[in-house]
Structures are given as C-alpha cells and as structure tokens.
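J.: What shape does this take:
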Amino acid sequence: MAFQTPGPKWIQGVKYNEQPDFMKHVAYMTEMQERGLTVLSGPFMEKAGGLSGVLADGGMTIFKAGDRAEAEKIATDDPTVQSGMLNVEVKMLWVPFHD
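T.: As a prediction, the model looks like this:
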C-alpha cells in the first residue's frame, strides 16, 4: 500500500484537488485502476462528501503488485511524485483478516 503526502512542491494553503498537476495524479490513478493494478485508492477526508466534502492533504492506494519493488515502481511512476507535488511511502501489508 502507498501513502501519498504533500511533497516539496506542494503549495501550502491550496486544497488537494486545486494543486497544480492534481489532474495528472487523477489521470495516472485512473490508468492504474483501468489496468487492474489497484484495489482501492483515494484521498483522505476531513469532512465526508467526495469532492463536495473537505479533502485532507494526502491519500492512500492499495496496489496489486507481485512484490514490493513492483509496488514501489507503480507508486513512484506517478507524475506528481516525480514532479515533487507528492511524496509517497510504500508499505507492505499482511491481511490475515478479510472476507
């Protein structure tokens, strides 16, 4: 799983969905979803309501990857990670409890 947080080019005081290049991030995540490489992905929220709510700074994605190196590549290929708008930290998750 990947945790996306504000990077060095994040503009303080500007909402997540109003950051420059935000739509590049959305397009990349949409492509990853269409390619079957994500389980779920989205921004953290301060107040519920989707884009009508209040987005927090950052988000999380659970990738479908064969190993950590593949997950790291998917996470760091995000153009907003490459541009410095977002930082990303990939952690492995063991899921002993699930449906």
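J.: ok, so what distance separates residue 86 from residue 1?
T.: For residue 86, the distance to residue 1 (C-beta to C-beta, to the nearest Å) stands at 15 Å. All C-beta atoms are positioned from the backbone trio N, CA, C, and that covers glycine.
J.: Give me the more crowded residue out of these two.
T.: residue 86 (28 against 17; other C-beta atoms under 10 Å).
J.: Any chance you could list what contacts the longest helix anywhere in the chain?
T.: Taking DSSP state H as the criterion, the chain has its longest helix at helix 22-34. Taking C-beta atoms under 8 Å, 6 or more residues apart in numbering as the criterion, the residues outside helix 22-34 that touch it are 4, 16, 38, 41, 61, 63, 74, 77-80, 83, 85-86.
J.: top of those by neighbour count?
T.: Among the contacts of helix 22-34, residue 86 has the most neighbours (other C-beta under 10 Å), with 28 neighbours.
J.: Can you name the residues that contact the residue lying closest to residue 60 once chain neighbours are set aside?
T.: Spatially, and ignoring its direct neighbours in sequence, residue 60 is nearest to residue 3 (5.5 Å; C-beta to C-beta, 6 or more residues apart in numbering). Residue 3 is in contact with 58, 59, 60, 88, 89, 91, counting by C-beta under 8 Å, 6+ apart.
J.: Would you confirm that residue 42 contacts residue 59?
T.: Yes - Residue 42 is in contact with residue 59 according to C-beta atoms under 8 Å; the separation is 5.7 Å.
J.: For the closest residue to residue 64 other than its chain neighbours, give me its contacts.
T.: Once flanking residues are discounted, residue 64 sits nearest to residue 37: 5.5 Å by C-beta to C-beta, 6+ apart. Applying C-beta under 8 Å, 6+ apart, we find residue 37 in contact with 63, 64, 65, 74.
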